[in-house]
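Engineer: I need the structure of the sequence given here:
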Amino acid sequence: MRKLLSSPVKMPLSDAENQVYQNALKYITPLSLNLMAVKVTHRPEDFLGWCGELNRLCREELNKDLLEDEQLLPLKKLQDILEAGITLSQFKMARIAPWTIFADFIEQQTSIHALDERLRLLNYLDEIRQQPLADLIVEDRLAFSGKHTTQHDYSIYNFDVEWFAGTKGAKVFHTLLEQSPEKFDAALAHIPLTGDVNHADYQRFVSDFQQIFKEYTQVKSQGEKAPLAAATRLLAMRRPDQFIALNNNKIDILCQGLSIAKLKNTDFSSYWHDMIGTMRTFAWWHQAQPEIVEETCVASDSEASESDNNESETPESKSKREQTLWKNRAVLIDLFLFADADLAPNSNYIRLRDKMLNKAKTKSKAVPKKRSKESAEILVDKALTSEDLPTYLLGKRDSIIIQVKNGKSVEQAIGLMRAIFG
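Structural biologist: Predicted coordinates for the structure are as follows:
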């Protein structure tokens, strides 16, 4: 353990990493006797590995029963510092990584960062991105703006809409979005759906976005400045290849990771010039759009069978996956943030799904929340596009809509039709 704790002295640390190490030493001291009792078998030679291994040892190997009460706080502080060190080192890599290393790293985070679920969210929004917010059903509008509710039917919204930057706490923002979605549409219209976004485009968006809150302040006679975090959520969902989504919890660590001055939640200028400007200097961001590799050869029967069983491994599917990452490359910078094993299972989608399934098992008598007819129709129509549904269910569309409108989930309504007519 002594060699592990002192090994960063021999590493080429950046100023930020050295500060992390010095801060860690302050909290290692009151834990030193406990740490010395931990068996060390792996001693990484890089700072990222060092932070990760020491953090793992603190979480999994340290005997918590032998800790005094006054040692619990230093342990928590040490773990927080090590997690920050992991993020800083990963961003250090992101600042110099070419596209292949960037994409490979993102793929390595698939499990811990719920990458597949995040991509389901981004792919879903890609299908509705061209529609005005004012024309979307409430559930879709909230999916775009980052607020998860129990109305997000888990059989349709099989993802947490709050990935990247949830906005549930931005109450005024959601009040205004509900009252005047067309004003937010006017602001977003300045951001082109294709091609580069320039400073003039961004400034026009900011001007319109801030004006919405100015008008609210004048009516309510109280100060409410336009929140940068909520604005970046809208920008990142409109152009996930151009913008980074922020929330209050990750602004500080992102700024440290990108080596820029800390942003305030109203500093629209620094967000563009410092954060987005810095990201645009990275090699992976300048990568040309990857091409789709099409299968041209005729496979043998055995090869075809193997391909069917492992579709995700074909060159074509791999290239499509890479293109998906490229189209969302700016917002996916989130995957360079530290994540522990609890992040993915705590997805709002998973928790809502499990809650609803448990309610169904216990036959809860809770009164279901009714949906608008418009929402019910759109959600049912989306579900009926699934290729694995029997044809006769298409003829039961109106009956399914009635059930969904009255509070059943789409999955429950379709299951009921299957039970009656299947």
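Engineer: what degree of burial does residue 129 show, as a neighbour count?
Structural biologist: Look at residue 129: counted by other C-beta atoms under 10 Å, it has 15 neighbours. Placement of C-beta: from N, CA and C, glycine included.
Engineer: can you name the residues that contact it?
Structural biologist: When contacts are counted by C-beta atoms under 8 Å, 6 or more residues apart in numbering, residue 129 is found next to 193, 237, 238.
Engineer: can you tell me how far residue 76 is from residue 269?
Structural biologist: 36 Å (C-beta to C-beta, to the nearest Å).
Engineer: one step back: top of the contacts of residue 129 by number of neighbours, please.
Structural biologist: residue 237 (25 neighbours).
Engineer: so where does that residue fall, helix or strand?
Structural biologist: Taking DSSP states H and E as the criterion, residue 237 maps to helix 228-238.
Engineer: now the contacts of residue 129 in JSON lines, with distance to residue 97 and pLDDT?
Structural biologist: Converted to JSON lines, the contacts of residue 129 look like this (distance: C-beta to C-beta, whole Å; pLDDT from 0 to 100):
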{"residue": "193", "distance to residue 97": "27", "pLDDT": "96"}
{"residue": "237", "distance to residue 97": "24", "pLDDT": "98"}
{"residue": "238", "distance to residue 97": "25", "pLDDT": "98"}
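Engineer: closest to residue 87 out of these?
Structural biologist: residue 237 (23.1 Å; C-beta to C-beta).
Engineer: just the element for residue 224, please.
Structural biologist: Per DSSP H and E, there is no helix or strand for residue 224.
Engineer: was I right about it contacting residue 215?
Structural biologist: No - counting by C-beta atoms under 8 Å, residue 215 is not a contact partner of residue 224; they are 10.3 Å apart.
Engineer: for the nearest residue to residue 265 once chain neighbours are set aside, give its distance to residue 210.
Structural biologist: Once flanking residues are discounted, residue 265 sits nearest to residue 228: 4.9 Å by C-beta to C-beta, 6 or more residues apart in numbering. Distance, residue 228 to residue 210, by C-beta to C-beta: 10 Å.
Engineer: which residues do these two both contact?
Structural biologist: With C-beta under 8 Å, 6+ apart, residue 228 and residue 210 have common neighbours residue 268.
Engineer: higher neighbour count, these two?
Structural biologist: Taking other C-beta under 10 Å, residue 228 and residue 210 do not tie; residue 228 has more neighbours (22 against 16).
Engineer: wait, doesn't the more buried one sit right on residue 246?
Structural biologist: Yes - the pair residue 228 / residue 246 is scored as a contact, 6.6 Å apart, by C-beta under 8 Å.
Engineer: now the common contact residues for those two.
Structural biologist: Common neighbours of residue 228 and residue 246 (C-beta under 8 Å, 6+ apart) are 263, 271.
Engineer: give me the distance between the residue nearest to residue 265 and residue 137.
Structural biologist: Taking C-beta to C-beta, one finds residue 228 at 27 Å from residue 137.
Engineer: quick one: neighbours of the closest residue to residue 172 other than its chain neighbours, just the number.
Structural biologist: Of all residues not flanking residue 172 in the chain, residue 224 sits nearest, at 5.2 Å (C-beta to C-beta, 6+ apart). Counted with other C-beta under 10 Å, the neighbours of residue 224 add up to 15.
Engineer: do residue 205 as well
Structural biologist: 23.
Engineer: verify the contact between it and residue 235 for me.
Structural biologist: Yes - contact criterion C-beta under 8 Å: residue 205 and residue 235 qualify, at 7.1 Å.
Engineer: common neighbours of the two, please.
Structural biologist: Contacts common to residue 205 and residue 235, judged by C-beta under 8 Å, 6+ apart, are 188, 191.
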